[in-house]
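Colleague: Give me a model of this one.
(chains A and B)
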Amino acid sequence: MQATIEVAGLRKRFGHTMALDGMSFTVTPGQVTGFVGPNGAGKSTTMRVILGLDTADEGTALVGGRPYTSLRRPLHHVGALLDASALQPSRTARNHLLWLAHSQGLGAGRVDEVIEQVGLGSAAQRKAGGFSLGMRQRLGIAAALLGDPPVLMLDEPSNGLDPEGIIWMRGFLRSLAAEGRAVLVSSHLMSELEDTADHLVVVGRGRVVADTSVAGLIATASGGRVTLRTSAPPAAMAALTHAGATVTATGRDTLTVIGLAGEHIVSLLNRYAVPFSEVSAHRATLEEAYMELTRDAVEFRAAGQEAAR
Amino acid sequence: MSATAPHRAVRGGFALLLRAEWTKFRTVRGWVVATAAAALVTVLLGLLSASGSHQSCDGVCPAVPVGPGGEAVEDKFYFVHRPLEGDGSITVRVTSMTGQIRLPDLTPGNRRVISGVVPWAKAGIMIKESMKQGSAYAAVMVTGKHGVRMQHNFTQDVAGSPGGVSKQSPRWLRLTRSGEELTGYESADGRQWTKVGTAHLTGLPAAVQVGLFSASPGDLTVTPGDFGGSSAASRFAEATAVFDQVSLQGPVGGGTWRPDDVGVTLNPDGSAHHPGGFKESGSTYTVTGVGDIAPLSDGQQIENTLTGVLTGLIVVIVVAVMFITAEYRRGLIRTTLLAGPRRGRTLAAKALAIGLVTFVAGLAATTAAVAFGEQVLRANGNYILPVTVFTELRVIVGTAVLFAAAAVLALAVGTLFRRSVAAVIVAIVVIVVPYILATASVLPASAAQWLLRLTPAAGFAIQQSIPEYAHVLGNYAPSAGYYPLAPWAGLAVLCGYAALALGLAIFQLRRRDA
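Modeller: Sure, this is the predicted structure:
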């Protein structure tokens, strides 16, 4: 089976709300794909449609080329963590995994393996009802790993994890991708994905806003800008503008230059004897890039809330 | 990534889902404990009610005769007979059937006796294996209100032509014996004969008794209760028939007729209580009898040890509802559907799991309740109406099926409602409440019977061990343990409801977003 998720043209309406409005993207194996967007952008609904829990009004969602509901022993194909709190509180962690394992033809041995893998070995015999959110997340990951699936889908897996847990999760997801699996991780916080994801599917208002590599997104957001610190801003501005750059003053002694590479700026300034203390390429944070991309969606929502009052 | 790929992957998907559901059930201690408690409560309440039933006789209770079919019988009648040593026949003419009935006293102690015959008063001719009560027989007879009948071995009854007898319209009866085959005939004139029926009496010996008989069951009055329900009372009645044109064929011995008041009740002084009688005047014979030749329904029924089932059932319903609504409450249903995305199969596996669990628990409970309950009843001097092994198994196993079907129905209702409280209430209202209303003497008998035909409570019919006989007048009301549907038909109604509800639940589960 190919380790892919293919989503094409999903539409789904809840009453008057368009939850999914032409959602399309592909998740490829061997990398972590971040699925990011503000709350309500349609991430969870898309995941539920992929997993056959919700039905889309239009469009297709395939896992390894097949609809989820047609899979035999689906946990061998896809592991998913949707809601870590979906547990029978009086059942122990191990027994929770045991019934899942039995449903897929797996035995208790596999259960013990994944429990160790997520670091819950000492809590295996405890009732899941007493687990912290972080422990539940780990148990959910263990459930997703039971069938050793080539595709993993995790909805906000870092929710409720302590800093140590977040670092663990990051490394864990990276190693799963390194084994050749397709890993789709949703989050409403771009910063969570900054060091985890290789690829990003950014969504807003039920559709894909950007489908790009992390490096490409940052480059786009940085837009070739250079920051210049000088004690003579007017002279610098005149020299650089003359050379064809767009220059804006962004502070008392800082300018932002667009349209000229760093080395070129340095040689120009030297030629005109303009003093400067720093010339540096501006690197946007992923957060900035994300804010840029989803501004429309957020503005729309803010306006909507305003109108609702 | 295939390091742990299942090498046992060949097993069927449904079996895996079933196993998963069983694992789910057994790993929630509350459900296991509650199911065991349901079984225990079923047994203990049954034993409690059995221990409250006492019966005593002056001295030793008389032995109750048992018919060839194994059922308890009343075999009490006046028999004027001669031995028959092989094949032969008897032919008579009945010219009159009269009797006396004691009506309810208006003033206590003041007997009101009128002349008349009760509907199932019977008189005619009989061939009987021996004079032992309960032995095999076949008889052709006229009755008070049900015309000519041929009956044999207490439980079997075939109708002949309707109408009573009088001097103006007498009735000729004939009974022939050929080996184990007995055939009854009737005629209005002694020339044109019509066959009424045939009885096969397995193992009938060559030497039998042949003769004239008369009997009359008590007069049954059923009084509707003030708050619904009814009470029944039976009072003395006797029947007198006049026979002539008596002719016997075949190797008849003994020379003279021998009268016997079979099964007559004796007073403490040894005299007969309500004796029958026989008068011979020329070729006319007058026979008066009291009693009946019919299956007996007085006594404890084995299902009286299953009074705890209702309470056990309520607990089982709660567990079965929780088995699914707990998943909705926690969102675990999504995990279940991820593991088994073919939803119909997944819910069917869940239903089968809870059905099997409650069947096993129910079977343990009903087996223990009946086995120990019978001991307690007997120890308290109660007479338990005997039933065949098959019937006893049907009551025990069928009640376990009742538990399982109720659990499946409750699970389906839980799936439809997705909320514990609403689903438990609905399941109890459709299964338990109709049964209570129908059997607690709060409704008129006909309303009670409709409840037990139309609602899932019809399934309780599987517990009825003693059948209703059309040829025996009785108070066959639900409150007395008689159901309007046959045992398996009643259980089929419940199973039908369970299947229907499960089908609806699967339909809904498939249609809805999870």
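Colleague: all contacts plus neighbour counts: C-alpha atoms, from now on.
Modeller: Fine.
Colleague: Please name every helix or strand in contact with the lengthiest strand in chain B.
Modeller: Secondary structure of chain B per DSSP state E: the longest strand is strand B:88-103. Under the contact criterion of 3 or more Cα pairs under 8 Å, 6 or more residues apart in numbering or on different chains; DSSP states H and E, strand B:88-103 touches strand B:112-115, strand B:122-128, strand B:171-178, strand B:219-224, strand B:230-235, strand B:237-249.
Colleague: what's the angle from the third one to strand B:122-128?
Modeller: Here strand B:171-178 runs at an angle of 10 degrees relative to strand B:122-128 (axes from the mean of the first three to the mean of the last three Cα atoms, to 10 degrees).
Colleague: buried stuff in strand B:171-178?
Modeller: For strand B:171-178, the neighbour count (16 or more other Cα atoms under 10 Å in any protein chain shown) marks B:171-177 as buried.
Colleague: could I get those residues as a markdown table with distance to B:Leu452?
Modeller: Below are the buried residues of strand B:171-178 laid out as a markdown table (distance: Cα to Cα, whole Å):
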| residue | distance to B:Leu452 |
| --- | --- |
| B:Arg171 | 42 |
| B:Trp172 | 43 |
| B:Leu173 | 41 |
| B:Arg174 | 43 |
| B:Leu175 | 41 |
| B:Thr176 | 43 |
| B:Arg177 | 44 |
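Colleague: Same list (the residues you listed) but as JSON lines, adding distance to chain A.
Modeller: Shown next, in JSON lines, are the buried residues of strand B:171-178 (distance: Cα to the nearest Cα, whole Å):
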{"residue": "B:Arg171", "distance to chain A": "75"}
{"residue": "B:Trp172", "distance to chain A": "75"}
{"residue": "B:Leu173", "distance to chain A": "72"}
{"residue": "B:Arg174", "distance to chain A": "72"}
{"residue": "B:Leu175", "distance to chain A": "69"}
{"residue": "B:Thr176", "distance to chain A": "69"}
{"residue": "B:Arg177", "distance to chain A": "68"}
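Colleague: hey, where'd the helices end up in chain B?
Modeller: With DSSP state H as the criterion, chain B has helices at B:13-26, B:29-51, B:309-330, B:332-339, B:343-379, B:389-417, B:420-439, B:445-454, B:487-511.
Colleague: quick check, distance from the shortest one to the centre of its chain.
Modeller: This means helix B:332-339. Distance of helix B:332-339 from the chain centroid (Cα atoms, centre = their mean, to the nearest Å) equals 46 Å.
Colleague: quick one, what contacts residue 262?
Modeller: I'll assume chain A. By Cα atoms under 8 Å, 6 or more residues apart in numbering or on different chains, A:Gly262 lies in contact with A:226, A:279-281.
Colleague: looking at chain B here, not the other one
Modeller: B:75-79, B:131, B:133.
Colleague: Let me know the distance separating it from B:Ala39.
Modeller: B:Val262 is 46 Å from B:Ala39, where distance means Cα to Cα, to the nearest Å.
Colleague: At the contact with chain B, which residues of the stretch 51-200 of chain A appear?
Modeller: Residues of the stretch 51-200 of chain A lying close to chain B by Cα under 8 Å from any Cα of the partner chain are A:51-55, A:68-76, A:83, A:85-88, A:90-92, A:95-96, A:98-106, A:110, A:147-150, A:179.
Colleague: Are any of those buried, and if so which?
Modeller: Burial by neighbour count, judged by 16+ other Cα under 10 Å, picks out A:51-55, A:68-69, A:71-76, A:83, A:85-88, A:90-92, A:95-96, A:98-106, A:110, A:147-150 from these.
Colleague: So which of those residues are in helices?
Modeller: Taking DSSP H, the ones among these that sit in helices are A:95-96, A:98-103, A:110.
Colleague: any chance of those residues in JSON lines, with pLDDT and distance to B:Ala353 too?
Modeller: As requested, these are exported to JSON lines (pLDDT from 0 to 100; distance: Cα to Cα, whole Å):
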{"residue": "A:Asn95", "pLDDT": "97", "distance to B:Ala353": "17"}
{"residue": "A:His96", "pLDDT": "97", "distance to B:Ala353": "17"}
{"residue": "A:Leu98", "pLDDT": "97", "distance to B:Ala353": "16"}
{"residue": "A:Trp99", "pLDDT": "97", "distance to B:Ala353": "13"}
{"residue": "A:Leu100", "pLDDT": "97", "distance to B:Ala353": "15"}
{"residue": "A:Ala101", "pLDDT": "97", "distance to B:Ala353": "17"}
{"residue": "A:His102", "pLDDT": "97", "distance to B:Ala353": "14"}
{"residue": "A:Ser103", "pLDDT": "96", "distance to B:Ala353": "13"}
{"residue": "A:Arg110", "pLDDT": "97", "distance to B:Ala353": "24"}
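Colleague: what's the nearest residue to the residue positioned nearest the centre of chain A if we skip its chain neighbours?
Modeller: The geometric centre of chain A, computed from its C-alpha atoms, lies nearest to A:Gly34 (Cα atoms, centre = their mean), at 2.5 Å. In space, and not counting its chain neighbours, A:Gly34 is closest to A:Leu200: 4.6 Å by Cα to Cα, 6 or more residues apart in numbering or on different chains.
Colleague: ditto for B:Thr91
Modeller: Of all residues not flanking B:Thr91 in the chain, B:Arg174 sits nearest, at 4.3 Å (Cα to Cα, 6+ apart).
Colleague: Contact partners for the closest residue to B:Trp450 other than its chain neighbours?
Modeller: For B:Trp450, ignoring the flanking residues on the chain, the nearest one in space by Cα to Cα, 6+ apart is B:Pro484 at 7.9 Å. By Cα under 8 Å, 6+ apart, B:Pro484 lies in contact with B:449-450, B:452-453, B:461, B:478.
Colleague: Now for the residues you listed: which two are most distant?
Modeller: B:Trp450 and B:Ala461 (12.8 Å; Cα to Cα).
Colleague: Comparing the two, which residue is more hemmed in?
Modeller: More neighbours surround B:Ala461 than the other of B:Trp450 and B:Ala461, with 29 against 16 (other Cα atoms under 10 Å in any protein chain shown).
Colleague: There's contact between the more buried one and B:Gly490 in this structure, I believe.
Modeller: Yes. Between B:Ala461 and B:Gly490 there is a contact under Cα atoms under 8 Å: 5.3 Å.
Colleague: ok, the residue in the stretch 51-200 of chain B positioned nearest to chain A - how many residues close by?
Modeller: Here the residue of the stretch 51-200 of chain B nearest chain A is B:Ser51; by Cα to the nearest Cα that distance is 38.6 Å. Using other Cα under 10 Å, B:Ser51 is surrounded by 18 other residues.
Colleague: likewise B:His273?
Modeller: B:His273: 12 surrounding residues under other Cα under 10 Å.
Colleague: Pick the most deeply packed of the helices and strands packed on strand B:88-103.
Modeller: For the helices and strands packed on strand B:88-103, the largest average neighbour count (mean count of other Cα atoms under 10 Å in any protein chain shown) is found in strand B:122-128, namely a mean of 30.
Colleague: quick one, what contacts whichever residue of the stretch 201-309 of chain A sits closest to chain B?
Modeller: Nearest to chain B in the stretch 201-309 of chain A, going by Cα to the nearest Cα, is A:Gly206, at a distance of 17.8 Å. A:Gly206 sits next to A:18-23, A:41-43 when contact means Cα under 8 Å, 6+ apart.
Colleague: how much space between it and B:Ser49?
Modeller: Relative to B:Ser49, and taking Cα to Cα, A:Gly206 is found at 65 Å.
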